[in-house]
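Trainee: Pasted the sequence and its predicted model underneath.
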Amino acid sequence: MAALAQPALRLQPKHTNRPYGGGWWPSRADLATQLGDLVGRWPEDRPSIVSYAFLHDDWDQSEAAVPARHLTRTLILILSDRSSCRLLMIPGHARSDVAEQLLSEASDPHSTWRRMDFASTERPGVAQ
C-alpha cells in the first residue's frame, strides 16, 4: 500500500457522525489555509460547507493527560442543508501510519472506537 500523502480528507459514504463523519489531516498549521483547502476538497455531491466550529480543547477532562502535540481536534462543519459533519482533525506532524489508522476509523460508519480512542496520535507500544 502506498504511503498516505498530506493533506488527506476521508468521509463516510453517508455521514452518520458516529463517532465522526470522517477525518481530515491537513498539511499546514495555518487555520485559514487549512479551511480553504478543506472547502476546495469537499465533494461536490455533498451539501456545501457554510460554517465551522471547533469543540473546545478541554471539553473532555479525560483528555488532559494527552500531550498537546499529540492531541487531535474535532471540527464541526455546518452544511448548506442544515446538517452537520463532525470531522476528526489530525495534527499535521502526525506519522502517516497513525494518520491512516485514525482516518480509516473516523470514516468507518461501523467503527467500534470510542471518542477517547481518537483523542491522541500517540499509540500504545508504538515508538513516536
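Mentor: Noted; the coordinates are in hand.

Trainee: CA only for contacts and neighbour counts going forward, please
Mentor: Noted.

Trainee: low-confidence ranges in the chain?
Mentor: For the chain, applying pLDDT under 70 flags the ranges 1-3, 29, 56-64, 124-128.

Trainee: In stretch 38-47, which of the residues would be classed as buried?
Mentor: Applying a neighbour-count criterion of 16 or more other C-alpha atoms under 10 Å, the buried positions in stretch 38-47 are residue 38.

Trainee: How about stretch 6-18?
Mentor: Going by 16+ other C-alpha under 10 Å, stretch 6-18 has these buried residues: 8, 9, 10, 11, 12, 15, 16, 17, 18.

Trainee: which one among the residues you listed gets closest to residue 35?
Mentor: Among the buried residues of stretch 6-18, residue 9 lies closest to residue 35 (C-alpha to C-alpha), at 11.7 Å.

Trainee: Once you drop chain neighbours, what's closest to the closest one?
Mentor: Spatial nearest neighbour of residue 9, chain neighbours left out: residue 24 (4.6 Å); criterion: C-alpha to C-alpha, 6 or more residues apart in numbering.

Trainee: I'd guess the one you found is in a strand, am I close?
Mentor: Yes. Under DSSP: H, G, I helix; E, B strand; the rest coil, residue 24 sits within a strand.

Trainee: and it, how many neighbours?
Mentor: 27 (other C-alpha atoms under 10 Å).

Trainee: What of the one 4 residues further on?
Mentor: By other C-alpha under 10 Å, 15 other residues sit near residue 28.

Trainee: same check, this time on residue 73
Mentor: Neighbours of residue 73 (other C-alpha under 10 Å): 19.

Trainee: Could you pull out the buried residues of whichever strand or helix holds residue 117?
Mentor: Using DSSP states H and E, the element containing residue 117 is helix 115-118. Within helix 115-118, the residues that qualify as buried are residue 118, counting by 16+ other C-alpha under 10 Å.

Trainee: Just give me how far that helix sits from the chain centre.
Mentor: For helix 115-118, the separation from the chain centroid amounts to 11 Å (computed by C-alpha atoms, centre = their mean, to the nearest Å).

Trainee: Residues contacting that helix, please?
Mentor: 19, 63, 72, 88, 102 (C-alpha atoms under 8 Å, 6 or more residues apart in numbering).
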